[in-house]
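In: Got a sequence here, can you build the structure:
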Amino acid sequence: MPIKKITCHVVAAPVQRPFTSSRGWLYKTRGTCLVEIETDDGITGWGECYGPSAVAKAFIDTQLTPRVIGRDPFDVEVIWEDLYNRIKDYGPKGMSIAAISGIDIALWDIVGKACNKPVHKLIGGAFRTEVDAYATGLYFTDMDRLVDEAVEEASGYVRQGFKAIKMKIGLGSIKRDFDRVKAVRDAIGPNVKLMVDSNHCFTVPAAIRLGRKLEELDIEWFEEPISPEDIDGYVAVSRALDMAVAGGENEFTRWGFRDAILRKAMDIVQPDVCAAGGITECKKIAALASTHGVECVPHAWGSAVGLAATIHFLASIPNQPPSLFPMPPMLEFEQEENPFRDHLATEPIHQVKGTIAVPTGAGLGIEIDRRVIDRYRVA
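Out: Next up, the predicted model:
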């Protein structure tokens, strides 16, 4: 069943209510690059690439596809190593790895469908049949109602059944950030987990000062407090704060995560299966983290394809640490407007009382609605 064809579908849709984070990028559209791989006996696998879609497509079309056509899709790791060694002289991080990630996910989908098994059964089995989901939201939308809109949105997630919420911070003032987070904490109460994400907008001293204030509010973790390149800075922030520090959504491959994990620069690493190297590589990153007592809670931002792949990956990660009353890694379930998350799969992935069932169908366990691709196709 050799691989016959690889097609990249670049899709984009306008956002009715634009939003931003501390980085100042106004999200007016949602888009992604979907990777479709077909075998000569008619099996189709789907993957997804994180980041600028046209760049991922260019990498796949010009650099990677010629090395994959004709290969056996069961040789997932062999193909991964071949593709990485093809591009590592000029692309050991970034979009080249995101492109490989999309291919890797699609190959696992094919193998699962060929074996009539869900992906998690092929990567070691599932430690859990459902995953706890946390709602990612509370971006900056109405700059005149930053506190009120955050409180209203967070309260809505609690009513939906979420038991954990992650909110954006980075308003240029420790007091503004603290007051907004405190208002959300007061609104949702002490029994809902609350995390904060600054999208690496702070200096080391500012992150420490704000972090110490936020510890008063029982924050679960402080995500991306500083620039991802500054491992020494992460070490300083992590040592200064009692609450967990998280990061890594902007890192790639086991080699990229190695120093952060070995130095325990962060308490929680957050590889994205659509960016860091696919399911194959994220399993190795998780194993490396476990070896050094670091938690692995993946980042997720994309379509139903990436979300399903993340759920299978999460299901295969053991509790860290194992205990009588474990704290399993949570699934990031981003909540901003996204038709590719909500409508791309014929049966959407949804949460019930804060949990999401691990798919049991073959491969990723989802079926793609091609009408959604056709409607929003860019290339």
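In: from here on, contacts and neighbour counts on C-alpha atoms
Out: Will do.
In: Quick one: the strands in the chain, in order.
Out: All strands of the chain, identified by DSSP state E, fall at 3-19, 27-39, 44-49, 130-137, 164-168, 193-197, 221-223, 244-247, 268-269, 295-296, 331-334, 355-357.
In: what's in contact with the fifth one?
Out: If I follow you right, that is strand 164-168. Among residues not part of strand 164-168, those counted as contacts by C-alpha atoms under 8 Å, 6 or more residues apart in numbering are 21-22, 133-140, 154, 157, 192-199, 354.
In: Which of these are buried? Put it as a PyMOL command.
Out: Selection command for PyMOL covering only the buried members of these, criterion 16 or more other C-alpha atoms under 10 Å:
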select buried, resi 21+22+133+134+135+136+137+138+139+140+154+157+193+194+195+196+197+198+199+354
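In: circling back: could I get the strands of the chain in JSON lines, plus columns for mean pLDDT and distance to residue 83?
Out: Formatted as JSON lines, the strands of the chain follow (pLDDT from 0 to 100; distance: least, C-alpha to C-alpha, whole Å):
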{"stretch": "strand 3-19", "mean pLDDT": "97", "distance to residue 83": "14"}
{"stretch": "strand 27-39", "mean pLDDT": "97", "distance to residue 83": "15"}
{"stretch": "strand 44-49", "mean pLDDT": "99", "distance to residue 83": "15"}
{"stretch": "strand 130-137", "mean pLDDT": "98", "distance to residue 83": "32"}
{"stretch": "strand 164-168", "mean pLDDT": "98", "distance to residue 83": "35"}
{"stretch": "strand 193-197", "mean pLDDT": "98", "distance to residue 83": "33"}
{"stretch": "strand 221-223", "mean pLDDT": "98", "distance to residue 83": "31"}
{"stretch": "strand 244-247", "mean pLDDT": "98", "distance to residue 83": "26"}
{"stretch": "strand 268-269", "mean pLDDT": "98", "distance to residue 83": "24"}
{"stretch": "strand 295-296", "mean pLDDT": "98", "distance to residue 83": "25"}
{"stretch": "strand 331-334", "mean pLDDT": "98", "distance to residue 83": "28"}
{"stretch": "strand 355-357", "mean pLDDT": "98", "distance to residue 83": "33"}
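In: which of the ones you listed sits most buried?
Out: Relative to the other members of the strands of the chain, strand 44-49 carries the highest mean neighbour count by mean count of other C-alpha atoms under 10 Å, namely a mean of 29.
In: Return it as CSV; C-alpha atoms alone will do.
Out: Once side chains and other backbone atoms are set aside, the C-alpha atoms of strand 44-49 remain, and they are given as CSV (Å, rounded to 0.1, in the frame of the first residue of the first chain):
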residue,chain,number,x,y,z
THR,A,44,-6.6,8.5,3.1
GLY,A,45,-4.9,10.0,6.1
TRP,A,46,-5.2,13.6,7.4
GLY,A,47,-2.6,15.8,9.2
GLU,A,48,-2.3,19.4,10.1
CYS,A,49,0.6,22.0,10.1
